[in-house]
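J.: Here you go, sequence then predicted model.
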Amino acid sequence: MSRDHFNLDGRVALVAGASRGIGEAIARRLAEYGAHVLVTSRRIDGCQAVVDAIRAAGGKADALACHIGDLEQIERTYQEIDARHGRLDILVNNAAANPYYGHILDTPVSAFEKTVEVNLRGYFYMSVEAAKRMRAQGGGSIVNVSSANALTPGDKQAVYSMTKAAILNMTQAFANECGQFNIRCNALVPGVTKTKFAQALHDDESFLGPARARTPLNRSAEPEEMAGAVLYLVSDAASYTTGTYITVDGGYLA
């Protein structure tokens, strides 16, 4: 298989939650392979820093502020994409919330609502708006970033784990109903990754020690190690891949 199968020249890619961590790594990789990347997160300054780095490396990118927990912001973001580009070929849903790390019985209602609002409702409506545009233009690719917690709930992460499990089901639902429009929908299932988002896990040796011991590669992942799987899923190399997920967890689930 040649590099041409991974060529994203001329494609417009929206990466949500791309101001740092896994999202930033994905945005950089897609730009490296030719996509014009729209870098989004809640804060424009973090997005702009990623855009500046992509442009400095010779890539194409723009920054857009979008909190996917806010439906009005999602609508405005897609209106801006329509005005600037008139199309969207790739959506990567990576923005996430996990405001509570503690025992399931002590879960605050506010934390439950925020987690569902971002991780599930946000992913859903980001996908709906992207798929409407992909349907009109004849196809596209959506990748939802889930978690190994979707398949085995993380200790002290009950609601987060529940939403990540729902994302896998949602991925299959979009694949089933949108395949007729040449829209593919898949998911990435990362293991424990060294990001600011996962800092609470890395600060908790009672979690990290057993997790590392259970992982055959005996370490946490770097954000860049997630980007290759997403590049595959959004590229022509994966033209017959839909409704499934790729696990990148160092063997944790094995």
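T.: That came through fine.

J.: going forward, measure contacts and count neighbours with C-alpha atoms only.
T.: OK.

J.: For the residue nearest to Asn119 when sequence neighbours are not counted, give its distance to Ile167.
T.: Nearest residue to Asn119, sequence neighbours excluded (C-alpha to C-alpha, 6 or more residues apart in numbering): Ala96, at 5.3 Å. Plainly put, Ala96 is 11 Å away from Ile167 if you go by C-alpha to C-alpha, to the nearest Å.

J.: now swap in Asn176 and tell me
T.: Asn176 is 14 Å from Ile167, where distance means C-alpha to C-alpha.

J.: who's more crowded, the two?
T.: Neighbour totals were compared for Asn176 and Ile167, and Ile167 leads with 23 against 15 (other C-alpha atoms under 10 Å).

J.: which strands and helices sit next to the helix or strand that contains that one?
T.: If you go by DSSP states H and E, Ile167 is part of helix 158-178. Applying 3 or more C-alpha pairs under 8 Å, 6 or more residues apart in numbering; DSSP states H and E, one finds that helix 158-178 contacts helix 109-116, helix 123-137, strand 183-190.

J.: Out of the ones you listed, which gets nearest to Thr152?
T.: Taking C-alpha to C-alpha, strand 183-190 is the member of the helices and strands packed on helix 158-178 nearest to Thr152, at 11.5 Å.

J.: For the closest one, which outside residues touch it?
T.: Strand 183-190 is contacted by residues 131, 134-135, 138-148, 168, 171-172, 174-175, 178, 226, 229-230, 233, 241-249 when judged by C-alpha atoms under 8 Å, 6 or more residues apart in numbering.

J.: go on, stretch 82-92?
T.: 11-16, 81, 127, 130, 133-134, 137, 139-145, 234.

J.: next one: stretch 122-139
T.: Taking C-alpha under 8 Å, 6+ apart as the rule, stretch 122-139 contacts 68-71, 74-75, 78, 87-89, 91, 93, 140, 142, 144, 167, 170, 178, 181-184.

J.: The same query, at a cut-off of 6 Å, please.
T.: Residues outside stretch 122-139 that contact it (C-alpha atoms under 6 Å, 6 or more residues apart in numbering): Ile68, Gly69, Gly140, Phe181, Asn182, Ile183.

J.: and Thr247, what are its phi and psi?
T.: Backbone torsions for Thr247, taken as degrees, to the nearest 10, come to phi -90, psi 130.

J.: quick one: it from Pro190, how far?
T.: Separation of Thr247 from Pro190 (C-alpha to C-alpha) stands at 6 Å.

J.: between these two, which one's more packed in?
T.: Each of Thr247 and Pro190 has its neighbours counted (other C-alpha under 10 Å); Pro190 has more, 23 against 18.

J.: Bridged to that one, which residues?
T.: Pro190 has the following beta-bridge partners by DSSP bridges: Val248.

J.: can you give me the helices in the stretch 1-150 of the chain?
T.: Remark: helices assigned in the stretch 1-150 of the chain by DSSP state H, counting those that start in this stretch are 21-32, 44-56, 71-84, 109-116, 123-137.

J.: Report the inter-axis angle for the third one versus helix 123-137.
T.: Put simply, helix 71-84 runs at 30 degrees to helix 123-137, going by axes from the mean of the first three to the mean of the last three C-alpha atoms, to 10 degrees.
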